[in-house]
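In: Okay, predicted coordinates and the sequence, questions at the end:
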Amino acid sequence: MKWVRPSGGQQLLASRRAALPLLSERTAALAIVWSQTNLHLRRRCAGSISQRPDAKHVSFPGAVKSAFSNTMGFEQPSTYPALSTYRVVDQHGEVVDPSFVPDLDNDAVVKLYRDMLAVSIMDLVMFDAQRQGRLSFYIVSAGEEAVSVATASALEKEDVVFCQYREQGVFKQRGFTLADFMNQLFANQKDPGKGRNMPVHYGSKELNIHSISSPLATQLPQAAGAAYALKIQRMQDPTNPPRVVAAYFGEGAASEGDFHAALNISATRSCPVVFICRNNGYAISTPTLEQYRGDGIASRGIGYGIDTIRVDGNDFWAVREATKKARELALEDGGKPVLIEAMTYRVSHHSTSDDSFAYRARVEVEDWKRRDNPIARLRKWMETKGFWDENKEKDARDSIRRDVLKAFADAEREKKPPIRAMFEDVYEELTPELRQQMYELKSYIERYPDEYDVGEFESGKDSLDR
Ligand SMILES: Cc1ncc(C[n+]2csc(CCOP(=O)(O)OP(=O)(O)O)c2C)c(N)n1
Ligand SMILES: [Mg+2]
């Protein structure tokens, strides 16, 4: 596993902690914050010192380790080799990293494999359900199940997660049930969001996953901020467990300004956040070739001074191993950001509102489906190990499909939240204006009973009375 680690100065903090053995953990932590601030100040001051005579290195404040050169040369990115992509298991299910030792027993692997299967089966059912008009919108994650399930499997329960919208596997692995998915998708009265969000905008306070927001990349500065808060909480009270933030995003979202702001602030403030990029080749209809000219998203992490790795996103084990290590690195020396770029392929249309064959060839998709797929790859590995076979596969798929359909039917049958819920929870109490609007809505519904069937909402139009 090859990490690109642009920094080296963090060991300094570890040595400072070692130099403070007689202080309580809390005082030591505060002393380190103080000395870190001091260090920043001194570095800044050092920048204003004029060049030492005969120095071989630049000491301008903006580039402290650059050697002088007497030959003029522009860097040409095209002459650098692309960053490598870490792999543990190849497309045939064969282990290619000789140092790899699986850290999970067979049952634990099967459990994660079933999470990947569950997401992919739910996706098929819900995509068709949308086509039948039974829900308004859906997004599938076909081809990307390993990125979400394997990364999530390397996090701790207490870690804080921010997703984009194609990470069903993260929710599933952390304990979101099929009923939880369905209640949100059908916007019924069991949906904690009370049906106010579009389908697939899940969230779970219990599982420490912030609710998904549609505007791209907004989750990234939020994740950096949350990581900064975790760091400060732990400095103030070292009995808090070490926690990281995991922030998921697509390569397309990395074209947003928020991505750059998030990387830079987390690097400069040393925030324990693991940025996880799913590079699936497309931002809706825009292929990566038209999104950037640099070496993917990994090169940007290095540019911001962030430890970075590129992995094969279709390789469950590579993704899991890299995330385990990333979490460890993110907690080193009081915290720092880490970036993982997981290379994969968006097998599906962008969403149910998209027809991807308008901008890519069917054969390209068919090729990927046949040639490489994260579920098939882990299955081959399990079969090679001798604890999975055709019969187990069939049983697993049948039982998951039954569970999905049951959760689907239960959720579809549930009543919708009371219509009144659309006016609530913005202010602690309804304002006179909101009350007025609520009564107007009620009289409108009463005037046109044939146009508005409100029977599927809890308490019908009566919820607008109180
Ligand atoms: C700020 C913003 N701009 C545009 C959009 C419309 N939009 C939704 S998804 C998407 C593509 C994102 O691509 P990527 O980040 O690669 O994620 P993927 O869909 O490939 O998983 C776009 C442009 C949006 N939601 N928010
Ligand atoms: Mg993409």
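Out: Yep, that arrived. Ligands and ions are numbered 1, 2, ... in the order given.

In: Just the pLDDT at the one residue in the stretch 201-350 of the chain that gets nearest to ligand 1, thanks.
Out: Proximity of the stretch 201-350 of the chain to ligand 1 (CB to the nearest ligand atom) peaks at residue 250, 2.2 Å away. In short, each C-beta sits where N, CA and C put it, glycine included. Residue 250 is assigned a pLDDT of 98 by the prediction.

In: Tell me how far it lies from residue 144.
Out: 9 Å (CB to CB, to the nearest Å).

In: Identify the contacts common to those two.
Out: Common contacts of residue 250 and residue 144 (CB atoms under 8 Å, 6 or more residues apart in numbering): 166, 278, 280.

In: can you narrow those residues to ones near ligand 2?
Out: When contact is defined as CB under 5 Å from the ion, these meet ligand 2 at residue 280.

In: Neighbour-wise, give me the winner out of the shared contacts of residue 250 and residue 144.
Out: residue 278 (28 neighbours; other CB atoms under 10 Å).

In: okay but the residue of the stretch 201-350 of the chain closest to ligand 1 is in contact with residue 164, surely?
Out: Yes - the pair residue 250 and residue 164 qualifies as a contact (CB atoms under 8 Å) at a distance of 5.7 Å.

In: Just confirm residue 456 contacts residue 415, I think it does.
Out: Yes - using CB under 8 Å, residue 456 is in contact with residue 415, at 6.3 Å.

In: how many neighbours does the closest residue in space to residue 210 that isn't next to it in sequence have?
Out: Closest residue in space to residue 210, ignoring its immediate chain neighbours: residue 162 at 5.1 Å, by CB to CB, 6 or more residues apart in numbering. Per other CB under 10 Å, the neighbour tally for residue 162 reads 29.

In: Would you mind confirming that residue 162 is in contact with residue 253?
Out: No - with contact defined as CB under 8 Å, residue 162 does not count as touching residue 253 (11.5 Å).

In: picking up where we left off before, residue 250 and residue 144: who's more crowded?
Out: A count of neighbours by other CB under 10 Å puts residue 144 above the other of residue 250 and residue 144, at 28 against 24.

In: still on that earlier bit, mark which of the shared contacts of residue 250 and residue 144 are part of strands, please.
Out: Of the shared contacts of residue 250 and residue 144, the ones assigned to strands by DSSP state E are residue 278.

In: Name the residue in residue 456 and residue 415 with the higher neighbour count.
Out: Taking other CB under 10 Å, residue 456 and residue 415 do not tie; residue 415 has more neighbours (14 against 10).

In: circling back: if I look at the residue of the stretch 201-350 of the chain closest to ligand 1, how far off is ligand 2?
Out: Remark: distance between residue 250 and ligand 2 (CB to the ion, to the nearest Å) = 4 Å.

In: same check, this time on residue 195
Out: Taking CB to the ion as the measure, residue 195 falls 28 Å from ligand 2.

In: any idea what that residue is structurally, helix, strand or coil?
Out: coil (DSSP: H, G, I helix; E, B strand; the rest coil).
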